[in-house]
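Asker: got a predicted structure plus its sequence, pasted below:
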Amino acid sequence: MSGHDHGDDGVSRRKVLECMTWAGTGVLWTITGGVPRSLGIIDSAEAATAAAPGMTFLQISDSHVGFDKPANPNALGTLEEAVNKINAMPAKPSFMIHTGDITHLSKAAEFDNADRIISQSKLDVHYVPGEHDFLDEEVKFYRERYGRGTKGAGWYSFDAGGVHFVGLVNVVDLKAGGLGNLGAEQLAWLEDDLRGKSKSTPIVLFAHIPLWTVYPEWGWGTEDGGRALEYVKGFGSVTVLNGHIHQVMQKVEGNVTFHTARSTAFPQPAPGTASSPGPMKVEDTKLRSMLGVASINFKQNEQRLAIIDTPLQG
Amino acid sequence: MKTLNRRDFGVAVAAAILLPVTTARADDTNMEVHIDNFVFQPPELTIKVGTTVTWTNRDDIPHTVVSAGKFRSKALDTDDKFTFTFTDAGDYKYFCSLHPHMTGMIKVE
């Protein structure tokens, strides 16, 4: 086990690498005193869940159903393992969010398979799309299945447990040389959506690509993410959740905490440690340990975040 | 570049014997760009008008080839190809619309 503290002045590359960790199958969150708090990855969170007060919700991401390359020839199988773990939890979370890349190639059969497995959790699931979910010619499969009641390319908000949740889409209209993109229309909607909300309302923003700049050389960031963060600046508690980079990374900036989730399908390398962000191939016997476990604890009453890495296998 | 079939090979050999200059130009009308490790290779290519360029995705992750207003491929899965024939001179900047940090350029003379 090792613990690392992050300052609130951004994350240096060295610290990013220090805090890199391959993690398991979903993150469980609880709302304590109006503040979302990570209970960690499902395995390590199970004990805590039973006693956890208030609402809990779960995040899974990057299922890549349809991916069948050597990095993980059975992405559907590992998604099913994740759902089995969710079903084995002693206390049922209130709902789940999926932060995109449900499928690998946006094929109808891939969406069907993902639905069939994820619905076995019998949880309400709130989705945002990843770039892999918008690959069909007319970009209709995602919208027909998950886009009802959403605005634009699929953004929306809802309230649960006293928390205001906002699902954002940053995978459309990407510009050459650029990063993820929210766009003027969505930003205007977000500003309007948050207008009039009490500053004490906890806010959870979730999107596929990180809203903060993780590693621009690999496109890991959102061009106009800073605009969205401006709108939530005045709120007392803001949590930003995303997927896309298939590894756990966190930072705290003022009242905003950022957290990226792991994939249920395959690991990706830490920033700058490989020639590309493509799938990391590991030995079959190692895959699940690479998708291993990290437990994350926020130190309350401190502007710092403690990360405790606990690999599944030493 | 597509694999030469026997007939094309015969034509190429005949042309090579009779008209070596023409052969060299015939080769130039088909050019290749590979996508490896999220990079267009070569990132910049200078070609003559009438040249067909074939992009091949050799990554495990889908990519696209998009030049605003000029051409747009579907999502290319592993080993999928996209071809485009350049009939007008000019600079064609292009990128992967899924991973926009991937950019390339075709200069058509």
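Answerer: Looks like it arrived, so ask away. Numbers count the residues shown, from 1 in each chain, chains lettered A, B, ... in the order given.

Asker: count the residues that sit near residue 72.
Answerer: In the absence of a named chain, chain A is used. By other Cβ atoms under 10 Å in any protein chain shown, the residues close to A:Asn72 number 26. Quick note: C-beta positions are derived from backbone N, CA and C, even for glycine.

Asker: actually it's chain B I care about, not the one you picked
Answerer: Based on other Cβ under 10 Å, the number of other residues close to B:Arg72 is 14.

Asker: so what's it closest to, chain neighbours aside?
Answerer: B:Val66 (4.8 Å; Cβ to Cβ, 6 or more residues apart in numbering or on different chains).

Asker: residue contacts, that neighbour?
Answerer: Contact partners of B:Val66, counting by Cβ atoms under 8 Å, 6 or more residues apart in numbering or on different chains, are B:Arg72, B:Ser73, B:Tyr94, B:Phe95, B:Cys96, B:Ser97.

Asker: bridged to it, which residues?
Answerer: Beta-bridge partners of B:Val66, counted by DSSP bridges, are B:Arg72, B:Phe95.

Asker: just the pLDDT for it.
Answerer: We have a pLDDT of 97 for B:Val66.

Asker: re earlier: could you flag which of the contacts of B:Val66 are buried?
Answerer: B:Ser73, B:Tyr94, B:Phe95, B:Cys96, B:Ser97 (16 or more other Cβ atoms under 10 Å in any protein chain shown).

Asker: helix, strand or coil for the residue at minimal distance from the centre of chain B?
Answerer: Residue closest to the average C-alpha location in chain B (Cα atoms, centre = their mean): B:Val53, at 2.2 Å. Following DSSP: H, G, I helix; E, B strand; the rest coil, the label given to B:Val53 is strand.

Asker: what's the neighbour count on the closest residue to it other than its chain neighbours?
Answerer: The shortest distance from B:Val53 to any non-neighbouring residue, by Cβ to Cβ, 6+ apart, is to B:Met31 (4.9 Å). For B:Met31, the count of nearby residues is 19 (other Cβ under 10 Å).

Asker: B:Asp79 against B:Arg58, yeah?
Answerer: Yes: counting by Cβ atoms under 8 Å, B:Arg58 is a contact partner of B:Asp79 at 6.8 Å.

Asker: so for the two, which sits in the more crowded spot?
Answerer: Shown here are B:Asp79 and B:Arg58; by other Cβ under 10 Å, B:Arg58 has more neighbours (14 against 9).

Asker: may I have the phi/psi pair for that one?
Answerer: phi -110, psi 10 (degrees, to the nearest 10).

Asker: now it: how far from chain A?
Answerer: 10 Å (Cβ to the nearest Cβ, to the nearest Å).

Asker: contact residues of the stretch 51-200 of chain A facing chain B?
Answerer: The stretch 51-200 of chain A comes close to chain B at residues A:67, A:69-71, A:104-106, A:131-132, A:135, A:137, A:174-179, as judged by Cβ under 8 Å from any Cβ of the partner chain.

Asker: pLDDT-wise, which helix or strand of chain A ranks last?
Answerer: Least confident helix or strand of chain A, by mean pLDDT, DSSP states H and E, is strand A:294-298 with a mean of 30.
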